[in-house]
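Asks: Predicted coordinates and the sequence they were generated for:
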Amino acid sequence: MAIQGMHHPSTVDEAVALLARDPEAKLMSGGATLVAMMNAHVLEPQALVSLARIDEIKGISILPDGRVRIGAFTRHCEAAACALLAGTAAVVREACAQIASATVRNMGTIGGSIASDDPGSDYPPALVVAGAVVEIASVNGRRTVSAGEFFVDWYTTALEQGEVVTAVMLPKPGVGTGLYVKHVRVAGDLATASVAICLHGDGRIRVAVGGCGPTPIADDEVNAILSDDCGDAALARAGALLQERADPLDDVRGSADYRRMLIPRLLTRAVHSVHSTQRGVV
Amino acid sequence: MSETESSTSASPVTLRVNGETVHTVAALHDTLLTVLRDRLQLTAAKRGCNQGVCGACTILVDGKTMRACLCLAQACEGAEVRTLEGLNDTQRMQLLQAAFAENGAFQCGFCTPGMLVSANALLETNPQPDEGAIRTAMSGNLCRCTGYVSIVAAVKSAAAMSKRGAES
Amino acid sequence: MNTPDHAGTTARDGSQVVGRAVPQLEAAEKLDGSALYIADLYRHGMLHAAILQSPLPHARIKGYDLTAAMALKGVHAIVTGDDLNESHRMGAFIKDEHAMAKGKVRYVGEIVAAVAADNEAIARQAVRLIQIDYEDLPAVLDPVAALAPGSPLVHDNAAQYVQVFDAGTQGNVCSRTSYRQGDVDAAWADCDLVVEREYRTQAQAHLSMEPCGALAEIDAAGRVTLWSANQSVFRVQAHVCETLGLPMTRLRCLTPRIGAGFGNKMEAHVQPLLALLAIKSGRSVKLILSREEDFETVRARHPFHIRIKTGVRRDGTLVAREIELLLDGGAFGDDSPGVLGYALLMQGGPYRIPHVHAHGRVAYTNKMRFGAFRGFGVPQVTFAAESQLDEIAAKLGMDPIALRRKNMLAGSDPWFGGQPILSNGLAECLDTVERESGWAARRVAQPVKAAADGDSRRRGLGVALSAHISGLLSTGAIVRVLEDGSVVLNTGAVDIGQGSNTVLTQMCAQALKVPMDRVALASPDTDGSPYNWGSTASRATYLTGRSVVAAAAEVEKKLKEHAGAMLECAADDLELLSGGHVAIKGVQQRSVSFADISGRAHWAFGGPIIGSSTCVFDQATFDPKRVAVLGLPFARIGVYSFSAMIVEVEVDDATGRVKVLRAWSACDVGRAINPRLAKGQIEGAFMQGMGYALSEELVWDGPRLVNPSLMDYKIPTMVELPDDLHAYLIESNEPSGPFGAKSVGEIGINTVAAAIANAVSNATGVQFTQLPLNAERVLRGMLAHEASGNKVAP
């Protein structure tokens, strides 16, 4: 049975119940992506379910087991300023601090951003590298999906009809550093290509490439190589492997070919930078 | 026989704008920008792109800068909205406006309300920003006329004036 | 050189306001948000319009079915090509355009119908209900293909269109132009070095922050009042009346505040459409284009194909130049013939080249029209010509500045074609930037720098010189003395944000020695303003300024005639005193005020004192004894301004991304009437030129524009502003200029892409022949150079 107009549920259960009633209703988080699409007449929803008044999905907190819980309705500016996103979780903060511009960061939310999964957006590779887990709710209950499995294809996530992201969980932050290297045409652009990197205190490295395929590109073999050795030959092998896994598009931000060229270069930059930063920190 | 989609039919909405409670109407798809301009005659906020990129529609919602073109009016009930018109009589804005005038930090003026709202918000949280902080805070306000040089100078100048004022 | 004066108030006695950095007259309203642009105008009961755009690049319109759309509640009028008369066409040079598509659509996005309805939502819904029966035609999408024999014709019989000059319009040739000086074919033999290369430049969007829009009102007698975002109320009137077949008495054109133009608003956009909707519906109608519609339907900077060949002697003396241009004109002529003719005039740069053959064509294609955009073809040719000069300098082992100094126009050198140059500040421009940039010390090859991230960056410096003309076509000014002795100035010049209102007021105030607040400025109005061709071609300060000064002089003469009678002396014995008085020379206490004089004029002599003047530049562009000319669009233009620019860039070795670190831009403006406004033009032109050089490009995928949105088309932000951007005002005092002024609107953009390209070349050892120098292009160029020693990127 269709619902009409704007709805402001105050709990997750109310929100998913509304979605179940009306499959055509659209979720609105920060609104940045959704309203832009409405303004462009790409979407013309008759019903909207706003997540703005659901306290459960707001705020960043530490869970008893040390994991960091980022509520889905956390604005980018809040995450970018959050001291809890430190050490091995810093990559997430570094990435969202580079989204668009300061005012857009006041509006957009992590839940809204990952649900729209725009190519070239900044959270996906950072969340993969940080080992994030996405918490999802529906009328059928809650489930979790790892970041690596959440981003499925171009503009497509693991979200099913009637589901809403409620939180993003990060493993307990450990000693380490994270960086996000983003190549753009001008400040605030979506990434032409990007590399998210996390360097753990024990020397383990995890990397993921953004903007070069339907999903972030991460590879256990690449992580193993770099965790073992960051010399030129190792970097070259790792870069080549990531290039192989890439499946970029031609678009106005760059050709597919150029994106492939960028991968090993940005990887090298990311690895060198994270080591410099680590030395600076220590 | 009405063929209009129900999302286009307006329903009553109550907003807090520039310190006052206003009762107006908004359809589901009406942005705050549309309501401010077309219903409330507050035309300082401009529509430059309607996609949230140009910054000409920048206003304050609950004290933070936001794009009026990306806020749905019906989702803004209960929020404190402030436009340039509602900041004109504040001391900080007047200092900024004087600095903009002295530095020629505008030409066509279309981006100016958004620039002023952003600059004002910056100085509120960071009264003595360095050049990097100014550029980062205002990277989302596009200008095609000035080349930004005079705008950066004006924001620095306003910060300096306010520091001198605070010290005296 | 005058130093800018930070005037919070105008001079008490009204003198010396020329040369002061007074804030814009409109400062208060622009700063408090009360300035009213076209989108801010509302009328009781006004209708809202929406447009239907063509989905096809080339098709015959077989029929319209408006039934469903008209049946929608709230729809008041729909207009299509059927509402237009076939013979009513507009066009700045070639009358090839209707108010909207008629008979055929010629580009994806072309406006094909428009609806006026109670609100925007209904109008858009009605647009979606319009059915059009199209018959697909083969499309031609690039200028080379367009000129190949047998290609589809964008205009079925272009030769039949009215042409305002000998354009040679036929087939898909919109216009053709050729200038020949000396004997180029023989001259190559005299050269020790000849270099020839091809260059390509891209389409750039104006991206004024304000999209195009209009509001048309109609009265009970059927007279239309049309407000619009425009650069000329007179051009709006002309276009609308031509394309709707209206006598000009039926249309009054007015102007609100304008949110910039850069050329986008110089010719018609939706004004004819809105006037038509007002007439058909009998109601006032408003339309503001969305940003996407503005990108897709209006106009952009011409893509150029450039083939350029230059011959020099071993000592660097320029001997011969051949340049051939092919412009993509898009579907309609618009200002294209002017851009071609002007680019060919300016392509030689501010240098002596005795033998020149400059020729080219504009091709019609099935794309959006290309038209006037700041620089008007000069940024394109300057990129090619200044790059070629650097190539020559490298091959001769000469410093790039030394090569330019050797050939620079100086002293009494005329411009190419023979027009005398009465003020030439080029040397001072170049001296300034060379000194301020520390060029000599820095031009030693820059080492590859290691940055914190372990990656290398390369730095380079580049130089470019250019010129531009202030002037073109007609302008006027009327100065009227009000009863209280204050003054109204009416020029019809549209202030598009550049500050012409302020500058013209400064000139009038100083000419009459009154404070600025005693000069009111009438808003441009086709009913009451004298003709002003438009705010374009860098003409307002120079040409309209000349009229203002002359009109003020006529007022002074008439004031003195009255004063002479009142003071019982000869008019020649009188002088103006500051603050609005006329006194006997040397006997200041024997004086009368403007108010006294004006009272006398009003009450005893039939009315106010009025001075008026019209002006058009009177020097021919070409001396027919020097240059053989074919297809010259402008017989007389204006005076030359000059500029020199040096930029320092840093190239990221890993990604190819170019960052401009520092820039020095010196422009000879004759005299800076308002130094702050003048510097603002140079600074703004730099950033717009930098976007053109590095990141901006309209991209087509086949016939469809791929990036008509600010998400996808990126202009520089505050973050891209160089660390240092220095603007220098050089004053060569133009004898024919008002207070010595030329103009400054465009001169600052012409050199930017050229200087940046030369700097990138200095940094990387690679010459680039295409714009924009985006990261991908630069990286590929560097890698090709590394791999094969290839010094020229394709």
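Replies: Good, I have the coordinates.
Asks: quick one, strands of chain B?
Replies: Remark: strands assigned in chain B by DSSP state E are B:11-17, B:20-26, B:58-61, B:64-67, B:80-82.
Asks: Quick one: name the residues of the stretch 1-150 of chain A near chain B.
Replies: Selection of the stretch 1-150 of chain A residues close to chain B by Cβ under 8 Å from any Cβ of the partner chain yields A:4-6, A:8, A:28, A:31-32, A:35-36, A:38-40, A:44-48, A:50, A:52, A:77, A:100-104, A:106-107. No exception for glycine: its C-beta is placed from N, CA and C like everyone else's.
Asks: C:F262 touches C:Q688, doesn't it?
Replies: Yes: assessed by Cβ atoms under 8 Å, C:F262 is found in contact with C:Q688 at 7.3 Å.
Asks: just checking, which of the residues of the stretch 1-150 of chain A next to chain B belong to helices?
Replies: Using DSSP state H, the subset of the residues of the stretch 1-150 of chain A next to chain B located in helices is A:32, A:35-36, A:38-39, A:77, A:102-104, A:106-107.
Asks: Is the element among helices and strands of chain B having the smallest mean pLDDT in proximity to chain C?
Replies: When each helix and strand of chain B is scored by mean pLDDT, DSSP states H and E, helix B:149-167 comes last, with a mean of 92. Yes: counting by Cβ under 8 Å from any Cβ, chain C is contacted by helix B:149-167 at B:149-152.
Asks: now for that helix, which elements pack on it?
Replies: helix B:91-103, helix B:112-125, helix B:131-137, helix C:675-694 (3 or more Cβ pairs under 8 Å, 6 or more residues apart in numbering or on different chains; DSSP states H and E).
Asks: which bits of chain B sit near chain A?
Replies: Counting by Cβ under 8 Å from any Cβ, chain B sits next to chain A at B:5-7, B:11, B:28-29, B:31, B:50-53, B:55, B:58, B:64-67, B:69-72, B:74-75, B:118, B:136-141.
Asks: Tell me the secondary structure at the residue in the stretch 51-200 of chain A positioned nearest to chain C.
Replies: Of all residues in the stretch 51-200 of chain A, A:A187 sits closest to chain C, at 3.7 Å by Cβ to the nearest Cβ. Under DSSP: H, G, I helix; E, B strand; the rest coil, A:A187 falls in the coil class.
Asks: Might one say that it is in contact with C:K714?
Replies: No: in this structure, A:A187 is not within contact of C:K714 by Cβ under 8 Å, at 9.3 Å.
Asks: The two: who's more crowded?
Replies: Legend: neighbour count by other Cβ atoms under 10 Å in any protein chain shown for A:A187 and C:K714, higher for C:K714 (25 against 19).
Asks: if we can go back for a sec, for chain C, find the nearest of the strands of chain B.
Replies: Closest to chain C of these is strand B:58-61 (Cβ to the nearest Cβ; 10.6 Å).
Asks: which regions of the stretch 351-500 of chain C sit below the pLDDT cut-off?
Replies: C:443-447, C:450-452 (pLDDT under 70).
Asks: Tell me which stretches of the stretch 51-200 of chain A form helices.
Replies: A:76-80, A:90-96, A:102-107, A:110-116, A:123-129, A:147-150 (DSSP state H, counting those that start in this stretch).
Asks: Save those helices as JSON lines, and put in mean pLDDT too.
Replies: Listed next are the helices of the stretch 51-200 of chain A as JSON lines, based on pLDDT from 0 to 100:
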{"stretch": "helix A:76-80", "mean pLDDT": "98"}
{"stretch": "helix A:90-96", "mean pLDDT": "98"}
{"stretch": "helix A:102-107", "mean pLDDT": "98"}
{"stretch": "helix A:110-116", "mean pLDDT": "97"}
{"stretch": "helix A:123-129", "mean pLDDT": "98"}
{"stretch": "helix A:147-150", "mean pLDDT": "97"}
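Asks: Select, out of the ones you listed, the one closest to C:D183.
Replies: Closest to C:D183 of these, according to Cβ to Cβ: helix A:102-107, at 61.1 Å.
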